[in-house]
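Visitor: take this sequence and fold it.
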Amino acid sequence: MKTIGIKREGSRWYVVLSCDDVPAELLPATGAAAGIDMGVASLVTTSDGEPLANPRHLEASAGRLASAQRDLARKKRGSKRRRKTVARVAALHARVRRQRLDGAHKAALALVRAYDVIVHEDLRIANMTRSASGTIDNPGRNVAQKSGLNRSILDAGWGVFLRVLAHKAESAGRELIAVNPANTSRTCSRCGHCAKENRLNQAGFRCQACGHSAHADVNAAVNILRAGLALRDAAEAA
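Guide: Now for the predicted structure:
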């Protein structure tokens, strides 16, 4: 045992144990590799065309949270009723966090059981979810649309999922590779032609050069897988 931590979330208490020399639980080899494309319609889409659902836990609890926060705004500061309402809001947020973490564990486990090699985009989530409101002198554009996208990305819990996936891959003896996400959604997985016009809409992809059509997320996942395998081959050659 290295460390023991105790933390409190609302009325719940947790003991967090950190241990050394914990044996890995290696999974049997499958001989399969997959690229995964992160999304908001589906949490993950694999290069095999399999989507993993995005439960949207925050969206599902939005009504109860809004009601609790309106209640909180009406309560007198320092009152017993306000303290109860604060606890209620905190409990709802904690429930969403637990649901998101549970979903991340289940999705990550499904991937490490199915694939020996998993390739994902090296996403800068903090940059992707930065506010688009700008300043008075330099206001942002499409602020409402960007705010909605930011909420969807944060609700999907990409950061939580990738952290859990990294831990499970290491424990199971799987190989996890992160690649540059640039142009993975605009490049044709068949001929390699890269153009903004290839992406018809959120779900549609049609190459303007060779005519190849596919689901946009699957096409991107195939490109991600190829980029990861190329990185691994280059590292082995070096």
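
Visitor: same question for the helix or strand harbouring His93, mean pLDDT?
Guide: For His93, the host element (DSSP states H and E) is helix 80-114. Throughout helix 80-114, pLDDT has a mean value of 91.

Visitor: with stretch 183-197 instead?
Guide: Across stretch 183-197, the average pLDDT comes to 94.

Visitor: show the end-to-end separation of it, please.
Guide: This stretch, stretch 183-197, spans 12 Å end to end (CA to CA, to the nearest Å).

Visitor: also stretch 6-21?
Guide: End-to-end distance for stretch 6-21: 22 Å, by CA to CA.

Visitor: spatially central residue in the chain, please.
Guide: Against the mean C-alpha coordinate of the chain, by CA atoms, centre = their mean, the closest residue is Trp158 at 1.6 Å.

Visitor: so that residue sits against Asp122, correct?
Guide: No: using CB atoms under 8 Å, Trp158 is not in contact with Asp122; the gap is 11.7 Å. Quick note: C-beta positions are derived from backbone N, CA and C, even for glycine.

Visitor: helices of the protein, start to end?
Guide: With DSSP state H as the criterion, the chain has helices at 57-60, 62-74, 80-114, 125-128, 143-156, 158-172, 216-237.

Visitor: which elements pack onto the first one?
Guide: Where contact means 3 or more CB pairs under 8 Å, 6 or more residues apart in numbering; DSSP states H and E, helix 57-60 is packed against helix 80-114, helix 143-156.

Visitor: still on that earlier bit, so which of the helices of the chain gets nearest Val22?
Guide: The closest of those to Val22 is helix 158-172. By CB to CB, the value is 8.4 Å.

Visitor: contacts for that closest one?
Guide: In this structure, residues lying in contact with helix 158-172 by CB atoms under 8 Å, 6 or more residues apart in numbering are 24-27, 38, 43-44, 100-101, 104-105, 107-109, 111-113, 118, 120, 123, 125, 174-176.

Visitor: how about a cut-off of 6 Å?
Guide: Ala24, Glu25, Leu27, Met38, Arg100, Ala104, His105, Ala108, Val112, Ile125, Leu176 (CB atoms under 6 Å, 6 or more residues apart in numbering).

Visitor: okay, the first one and Gly173: tell me how far apart.
Guide: Counting by CB to CB, to the nearest Å, the gap from Ala24 to Gly173 is 6 Å.

Visitor: what of the second one?
Guide: Remark: distance between Glu25 and Gly173 (CB to CB) = 9 Å.

Visitor: what does the third one give?
Guide: The spacing between Leu27 and Gly173, counted by CB to CB, is 7 Å.

Visitor: and Ala110, how many neighbours?
Guide: Neighbourhood size, Ala110 [other CB atoms under 10 Å]: 14.

Visitor: one more: Ala87?
Guide: Counted with other CB under 10 Å, the neighbours of Ala87 add up to 13.
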